[in-house]
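Chemist: sharing a model that was predicted from the sequence below.
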Amino acid sequence: MAFPAPHTPWPMPEWEPVRTMVDEAAMWWEGDVSQLASKYHAQYRPSQYSGGVKGAMSRWFWGNPDQKQDRRVHMPLAADIAATSATLLFDRAPRFAHPDDEVQNHLDELLNPDEFPAQLLVAAESCAALGGVGWRVMWDTGTSEHPWIDWVDADACWPTFAYGKLQAVMFMEELAPLDNHTYRLFTEHTAGRIEYRLMKGKPNDTGRIVPLTEHPATRPLADHVDANSGQDTGLSILTAGYIPNARPVVGFRKHGQLRHIGRPDLTPDLYPMFDALDEVWTEIRAEIRLSRKKIIVPDWMLESHGLGAGQSFDNDREVFSPVRGRPDGTQGVEVYAPSLRVSDMVDAAKAWTDKIIQRANYSPASFGLDTVTSGNPTAREIEARYDASMKTWSAKSSYWRAGLKAAATALMLRDRLMHGHPLDVDAPRVEMDRPVQETAYDRANTIQALDAARSASIETKVKMQWPEWDADMQAQEVDRIKQEQAGTYDPALFAQPDDELDL
C-alpha cells in the first residue's frame with residue numbers, strides 16, 4: 001500500500017475497522033483491568049440506561065459504574081487461549097528440509113538454533129490473539145554475520161493484496177519522541193525493494209516527511225539508502241510477509257483488501273462471555289471475603305485507644321482487666337462462621353469456561369479441563385478428546401507452513417547473496433508435527449505391533465519412541481539396539497562423558 005500522506009489523520013481511517021478489531025482483542029489478551037474498566041465503564045457510562053450497543057456494553061459487569069474496581073477479578077482465559085494456540089502449533093519446532101545437503105546444512109544453521117523455535121512461540125501467540133503476524137528479513141553485518149527474521153505484531157503491519165496474493169507489506173515503528181513531536185518510521189517491502197519514510201507529527205496526525213538523519217534511531221539507515229530513500233534487496237521476491245491466524249473475517253467479506261486480513265481467536269462474540277466469567281470469579285472472591293470467620297464480643301472486652309482512635313479486641317489476651325459494673329451473663333464471645341457457596345459458583349465458572357473454549361474451536365482437554373482418566377488411553381481415544389483442537393491446528397498449520405516457507409526462502413536467499421553463493425536453489429519444505437498427546441506407553445504398544453508385523457525398521461521405531469531426540473542421539477540408540485540384538489556391543493556407546501575407557 002502507499003505510504004500515508006502528510007498531515008493526514010492517524011491511525012489511517014481506511015483501516016479503522018481492523019484497528020478496532022485488533023485493539024479490543026489486544027485489550028482482553030493483555031488483561032489489564034484498568035483498560036477493561038475504562039473501555040466498558042468510563043466510555044459508556046452516560047448511556048448506562050440507553051439502548052443499542054453502547055447501552056448494552058455499559059450494562060456489562062465491566063461497564064457497571066457501581067462496581068468497586070479494586071475488587072474485580074479478571075480471569076485471563078483470553079491469554080490462555082492465545083498461549084494454547086501457540087503451544088499446539090510449535091510445542092515441537094518445525095523442520096525445514098531440502099534435498100541438497102549443502103542447502104540443508106545452511107538451513108539448519110539459519111533456522112534450527114534454539115532461539116528460533118522460542119521466537120515462533122511468541123509470534124504464534126500474538127497471531128492467535130490479534131488475528132495475524134508479520135515477518136521481515138533483517139540484516140546488519142555489524143550485529144550478525146547472518147540475516148534473521150523479525151516478527152511484527154498485527155497492529156504494526158499493513159499487508160496489501162491483489163486478488164488474494166500478497167503484493168507488499170508496510171511496517172510502522174513509533175520512535176522515541178523529540179521536542180514534543182511523534183516520529184514514525186514507515187518501511188514498505190515490495191518484490192526486490194525496501195523503501196523508508198520518516199514522518200514527524202503528533203499522536204493523531206502523520207505530520208510531515210523529514211530526512212532519516214533527523215532522528216538518532218534512523219541516522220545509521222541513511223547511509224544505506226539511495227536517492228529515493230530505499231534499497232534494492234537483490235532478490236526477485238518479497239523479503240517480508242504476513243501470516244493470518246484464521247479466515248474469513250465475516251464483517252470484512254465485501255471489502256477488497258480487508259477480507260484477506262486474518263481474524264483473532266478472541267472474536268467479539270466471546271467478549272460478553274469473558275465478561276460473565278469475570279463476574280462469576282469476582283463473586284467467588286466476594287463470597288470468600290464475606291464468609292470469613294468473625295468474632296463478636298461485647299464492648300466491655302474492647303480496648304480503647306483514646307478519644308477518636310477507636311477500639312480493638314486482642315484475641316490473644318488471656319486476662320482481661322476489671323471493668324466498671326458486672327457484665328450480663330449472656331454476654332460473651334461469639335464466633336460467626338457462615339457456610340460458603342463457592343462450589344455452585346465454581347460450577348458456573350466452569351460452565352462459562354467450557355463454553356468459551358468450545359466457541360473458540362478448542363477442546364477443554366487442551367486446557368487441562370478433561371477429567372476422563374480411564375486406564376491407559378490409546379492415541380485414538382486421546383485424539384477424540386482433542387478433536388476440536390486438532391481441527392484448529394490443522395487449519396492454522398496450513399497458513400503457517402505457507403508463511404514459514406516464504407520466510408525461510410527469503411532468509412536463505414538473502415544470506416546466500418551476502419556470502420556469494422548461487423541463488424538458483426529450490427524453496428525448502430516445511431514439516432510440522434501433529435500434536436498428538438499420546439503417552440510413552442501408547443507409543444510402545446504401537447511400536448510393538450509394528451515390530452510384530454515386521455513393517456517398520458529399527459530407525460523408524462526409535463524415531464517414533466523418541467521424537468524429541470536429535471538425529472545423533474537417535475543414531476546412537478539404533479546402534480545400541482543392533483549390537484544388543486547381535487550379542488555384541490561397543491563400550492564407547494554406553495560410556496558416560498566422564499568414564500575412562502581402557503581400550
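Modeler: Cool, got the structure.
Chemist: name the helix or strand for the closest residue in space to Thr187 that isn't next to it in sequence, please.
Modeler: Using C-beta to C-beta, 6 or more residues apart in numbering and skipping the chain neighbours, the partner closest in space to Thr187 is Phe171 (4.7 Å). Every C-beta, even on glycine, is put in place using the N, C-alpha and C of the backbone. For Phe171, the host element (DSSP states H and E) is strand 165-174.
Chemist: sorry, back to before: which strand residues bridge the residue nearest to Thr187?
Modeler: Judged by DSSP bridges, the bridge partners of Phe171 are Cys157, Thr187.
Chemist: list the contacts of it.
Modeler: With contacts defined as C-beta atoms under 8 Å, 6 or more residues apart in numbering, Phe171 is in contact with 134, 136, 152, 156-158, 186-189, 240.
Chemist: may I see the PyMOL selection of the buried members of these?
Modeler: For the buried members of those, the matching PyMOL selection, counting by 16 or more other C-beta atoms under 10 Å, is:
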select buried, resi 134+136+152+157+158+186+187+188+189+240
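Chemist: ok, the contacts of Phe171 vs Gly256, which is closest?
Modeler: Set against Gly256, the nearest of these by C-beta to C-beta is Trp158 (14.3 Å).
Chemist: what's the closest non-adjacent residue to the closest one?
Modeler: That would be Met170: by C-beta to C-beta, 6+ apart, it lies 4.5 Å from Trp158.
Chemist: before we move on, what about Phe186?
Modeler: Nearest to Phe186 is Arg197, by C-beta to C-beta, 6+ apart, at 4.5 Å.
Chemist: parallel or antiparallel, list what pairs with the host helix or strand of the one you found.
Modeler: Assigned by DSSP H and E, Arg197 belongs to strand 193-202. Strand pairing for strand 193-202, using DSSP bridges, gives strand 182-190 (antiparallel), strand 205-210 (antiparallel), strand 230-232 (antiparallel).
Chemist: winner for burial among these?
Modeler: strand 182-190 (a mean of 20; mean count of other C-beta atoms under 10 Å).
Chemist: same question for it, mean pLDDT?
Modeler: Mean per-residue pLDDT for strand 182-190: 98.
Chemist: report the angle between that strand and strand 165-174.
Modeler: Orientation of strand 182-190 against strand 165-174 (axes from the mean of the first three to the mean of the last three C-alpha atoms, to 10 degrees) gives an angle of 160 degrees.
Chemist: what mean pLDDT does stretch 71-86 have?
Modeler: Average pLDDT, stretch 71-86: 93.
Chemist: what's the answer for stretch 159-167, then?
Modeler: Computed over stretch 159-167, the average pLDDT equals 93.
Chemist: how long is it from one end to the other?
Modeler: 8 Å (C-alpha to C-alpha, to the nearest Å).
Chemist: give me the buried positions along that stretch.
Modeler: Buried, per 16+ other C-beta under 10 Å, within stretch 159-167: 159-161, 166.
Chemist: returning to that earlier point: dump the strands paired with strand 193-202 to TSV, plus distance to Leu111.
Modeler: Converted to TSV, the strands paired with strand 193-202 look like this (distance: least, C-beta to C-beta, whole Å):
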stretch	distance to Leu111
strand 182-190	20
strand 205-210	37
strand 230-232	24
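Chemist: which among the ones you listed is found nearest to Pro13?
Modeler: strand 205-210 (11.6 Å).
Chemist: tabulate the CA atom coordinates of the closest one in PDB.
Modeler: Backbone C-alpha positions of strand 205-210 (Å, rounded to 0.1, in the frame of the first residue of the first chain) are rendered in PDB as follows:
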ATOM      1  CA  ASP A 205      -1.500  13.300  12.800                       C
ATOM      2  CA  THR A 206       1.100  11.900  10.500                       C
ATOM      3  CA  GLY A 207       2.900  15.200  10.200                       C
ATOM      4  CA  ARG A 208       5.500  15.900   7.500                       C
ATOM      5  CA  ILE A 209       8.200  13.900   5.800                       C
ATOM      6  CA  VAL A 210      11.700  14.500   7.300                       C
END
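Chemist: what residues does it touch?
Modeler: 4-10, 181-182, 184, 197-201.
Chemist: which of those are buried, as a ChimeraX select command?
Modeler: Under the burial definition 16+ other C-beta under 10 Å, those of the contacts of strand 205-210 that qualify are selected in ChimeraX by:
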select :4,10,181,182,184,197,198,199,200,201
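Chemist: what's the closest of the contacts of strand 205-210 to Glu125?
Modeler: For the contacts of strand 205-210, the nearest to Glu125 is Arg184 (25.5 Å; C-beta to C-beta).
Chemist: roughly how far apart are that closest one and Phe90?
Modeler: 31 Å (C-beta to C-beta, to the nearest Å).
Chemist: check Val280 too.
Modeler: In terms of C-beta to C-beta, Val280 sits 32 Å off from Phe90.
Chemist: quick one: the strands in the stretch 401-503 of the chain, in order.
Modeler: 429-431 (DSSP state E, counting those that start in this stretch).
Chemist: quick check: Arg247 is in a strand.
Modeler: No. With DSSP: H, G, I helix; E, B strand; the rest coil as the criterion, Arg247 is assigned coil and is not in a strand.
Chemist: in space, what's closest to it - neighbours in sequence excluded?
Modeler: That would be Gly262: by C-beta to C-beta, 6+ apart, it lies 5.9 Å from Arg247.
Chemist: the one you found contacts Phe252, correct?
Modeler: No. Gly262 is beyond contact range of Phe252, at 10.4 Å (criterion: C-beta atoms under 8 Å).
Chemist: more neighbours, those two?
Modeler: More crowded of Gly262 and Phe252, by other C-beta atoms under 10 Å: Gly262, with 22 against 18.
Chemist: re earlier: give me the distance from the strand holding Phe171 to the chain's centre.
Modeler: 21 Å (C-alpha atoms, centre = their mean, to the nearest Å).
Chemist: pLDDT at Ala452, what is it?
Modeler: 86.
Chemist: that one and Thr282, how far apart?
Modeler: On the measure of C-beta to C-beta, Ala452 and Thr282 end up 57 Å apart.
Chemist: more neighbours: the two, which one.
Modeler: Thr282 (18 against 8).
Chemist: pLDDT weak spots in the stretch 401-503 of the chain?
Modeler: Applying pLDDT under 70 to the stretch 401-503 of the chain flags the ranges 436-442, 468, 488-503.
Chemist: switch the cut-off to 80
Modeler: 436-446, 467-471, 487-503 (pLDDT under 80).
Chemist: find the centremost residue of the protein, please.
Modeler: Closest to where the C-alpha atoms of the chain average out (C-alpha atoms, centre = their mean) is Glu125, at 1.9 Å.
Chemist: can you pull the contacts of the closest residue to it other than its chain neighbours?
Modeler: In this structure, Glu125 finds its nearest non-sequential neighbour in Ala86, 4.0 Å apart by C-beta to C-beta, 6+ apart. Ala86 makes contact with 120-122, 124-125, 127-128, according to C-beta under 8 Å, 6+ apart.
Chemist: helices along the stretch 201-350 of the chain, start to end?
Modeler: Listed in chain order, the helices of the stretch 201-350 of the chain (DSSP state H, counting those that start in this stretch) span 271-290, 342-359.
Chemist: need those helices in CSV (columns: distance to Ala25 and mean pLDDT).
Modeler: Below are the helices of the stretch 201-350 of the chain laid out as CSV (distance: least, C-beta to C-beta, whole Å; pLDDT from 0 to 100):
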stretch, distance to Ala25, mean pLDDT
helix 271-290, 9, 89
helix 342-359, 14, 92
